[in-house]
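A.B. asks: generate coordinates for the sequence data below:
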Amino acid sequence: MIHSQLYLFLIFITNGIIIGLLFDSFRILRKAIKTSDFITYIEDALFWILTGLIILYSIFVHNNGEIRLFMFIAILIGLVLYIIFVSKFILKISLSIINIIKKIFLSIFHIVEIPFKAIGKLLKKTFFKPISFIIINIRNYFTKISNKFVKNTKN
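C.D. replies: Model prediction:
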């Protein structure tokens with residue numbers, strides 16, 4: 001009897017740790033990607049739904065649906081232990097990895113961007129400048145003709 005309750009207590013401490021990991025994953029997501037308030041509300045609702053599902057699943061699978069106070073105390077203990085001993089390291093490591101990945105992607109983007117910029121400059125020099133030169137000269141020509149026409153009609 002005591003052995004099975006100790007086993008349940010450890011399972012629900014583990015649930016508290018899992019809930020702490022889930023909480024940190026949402027915190028990491030919020031720090032890595034800036035979102036609107038509406039998305040934040042959706043994330044909060046998703047966190048609470050997942051937390052409730054984790055707890056209900058464990059209660060039904062490990063304790064045949066019987067709810068006992070010590071389960072919630074164990075979840076709280078697991079959550080507090082996770083936050084005190086592990087959370088800071090998980091956040092620091094995860095955010096460092098995300099920042100490194102961001103820098104790598106930005107570097108790759110800048111490297112890939114170089115040929116496109118060169119092609120754009122080449123197109124501008126070889127295609128767009130001559131066309132704009134022609135258009136400007138045609139516009140000037142028609143302006144001269146229209147000015148002569150206006151002068152001739154006034155006389």
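
A.B. asks: distance of the most centrally placed residue in the chain from L95?
C.D. replies: Taking C-alpha atoms, centre = their mean, the centroid of the chain lies closest to I33, which sits 3.6 Å from it. Distance, I33 to L95, using C-beta to C-beta, to the nearest Å: 12 Å. For glycine as for every other residue, the C-beta is placed from the backbone atoms N, C-alpha and C.

A.B. asks: same deal with I11?
C.D. replies: For I11 relative to L95 (C-beta to C-beta), the value is 30 Å.

A.B. asks: the more surrounded of those two?
C.D. replies: I11 (18 against 14; other C-beta atoms under 10 Å).

A.B. asks: for the more buried one, what are its contacts?
C.D. replies: S58, H62, A74 (C-beta atoms under 8 Å, 6 or more residues apart in numbering).

A.B. asks: show me what whichever strand or helix holds G120 is packed against.
C.D. replies: Using DSSP states H and E, the element containing G120 is helix 87-123. Helix 87-123 sits against helix 2-32, with contacts defined as 3 or more C-beta pairs under 8 Å, 6 or more residues apart in numbering; DSSP states H and E.

A.B. asks: how far off centre is the helix it packs on?
C.D. replies: Its chain's C-alpha centre and that of helix 2-32 lie 24 Å apart, by C-alpha atoms, centre = their mean, to the nearest Å.

A.B. asks: pull out the buried residues from that helix.
C.D. replies: 8-9, 11-13, 15-20, 23-24, 27-28 (16 or more other C-beta atoms under 10 Å).

A.B. asks: brilliant, that's me finished.
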